[in-house]
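In: here is my input; please provide its structure:
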Amino acid sequence: MKKHLLFCLLLAGMMFVNSAFTQDKPTGKNEFRVGYGMLTGVEMANTIFNIWPAIGVTVISKDTIADYSPSFYGAGGLEYSRHLKPWISVGVSATINPISTYIKSIRGYEYTWTYYVLSVMPRVDFYYLNKGPVSLYSGVQVGASFIFWTDKTGNTTYYDYGVSPAFHINAFGIRIGKDIGGYMEWGYGFRGIFNFGVSAKF
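Out: I've put the predicted structure just below:
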């Protein structure tokens, strides 16, 4: 029993010393992130606006909608930032957001829209707290989205692609950790209302 207690105390002491030395070491200026965003602006726009053309079709054909199912898969992303000063960083993010919509009418007509939205956006973040392992910040991103979609009506399938502006506003973000940490962000745009992931600085 005494050996187990001594081992636990020794292990706790080593973790404390390691933590103290880690706190003294300055963090790197380069940061990589891998994350996931929920409820993107593109998904919400797809849910709201895609129903209106469908309603128009069904009204003209005197049909009604039996099933309407938009997706909310969210967006996965990779990011890189360079910390120029303790209060500002610049970088770029790349996200992929798959989106699909399925509509079925009472008469059996089926309509399917499938999008893949690849967004690349330069970003700038402003830090109003950057102390120890905790960072609080806000930021903005503006760039472009490359959209690849498939439209299917009955047995007919159409393929197309396009480019559109992309943006994201990060109202509030928090990162916890020194070299390796986790982050959460709340905002609106092409990366989602709620974002979270892991971060590495070097």
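In: which SS state does the residue nearest to residue 72 when sequence neighbours are not counted fall under?
Out: If the residues on either side of it in the chain are set aside, residue 72 comes closest to residue 43, at 5.5 Å by C-beta to C-beta, 6 or more residues apart in numbering. The way it works is simple: take the backbone N, C-alpha and C, and place the C-beta from them, glycine included. For residue 43, the assignment made with DSSP: H, G, I helix; E, B strand; the rest coil gives helix.
In: what helix or strand does residue 46 sit in?
Out: Element membership for residue 46 (DSSP states H and E) is helix 41-49.
In: elements contacting that helix?
Out: Of the remaining helices and strands, those touching helix 41-49 by 3 or more C-beta pairs under 8 Å, 6 or more residues apart in numbering; DSSP states H and E are strand 65-70, strand 88-105, strand 110-131.
In: spatially central residue in this structure, please.
Out: Centroid-nearest residue in the chain, with C-alpha atoms, centre = their mean: residue 37, separated by 2.8 Å.
In: pLDDT score for the residue nearest to residue 72?
Out: With respect to pLDDT, residue 43 scores 93.
In: contact partners for the residue nearest to the centre of the chain?
Out: Taking C-beta atoms under 8 Å, 6 or more residues apart in numbering, we find residue 37 in contact with 74-77, 95, 191-195.
In: same question, residue 120
Out: 92-94, 143-146, 166.
In: and it, how far from residue 163?
Out: 11 Å (C-beta to C-beta, to the nearest Å).
In: what do these two both touch?
Out: Shared contacts of residue 120 and residue 163, defined by C-beta under 8 Å, 6+ apart, comprise 144-146.
In: so what sits opposite residue 162 in the bridge?
Out: residue 147 (DSSP bridges).
In: next, count neighbours for it.
Out: Neighbourhood size, residue 162 [other C-beta atoms under 10 Å]: 10.
In: I figured it was touching residue 117, is that so?
Out: No - using C-beta atoms under 8 Å, residue 162 is not in contact with residue 117; the gap is 10.2 Å.
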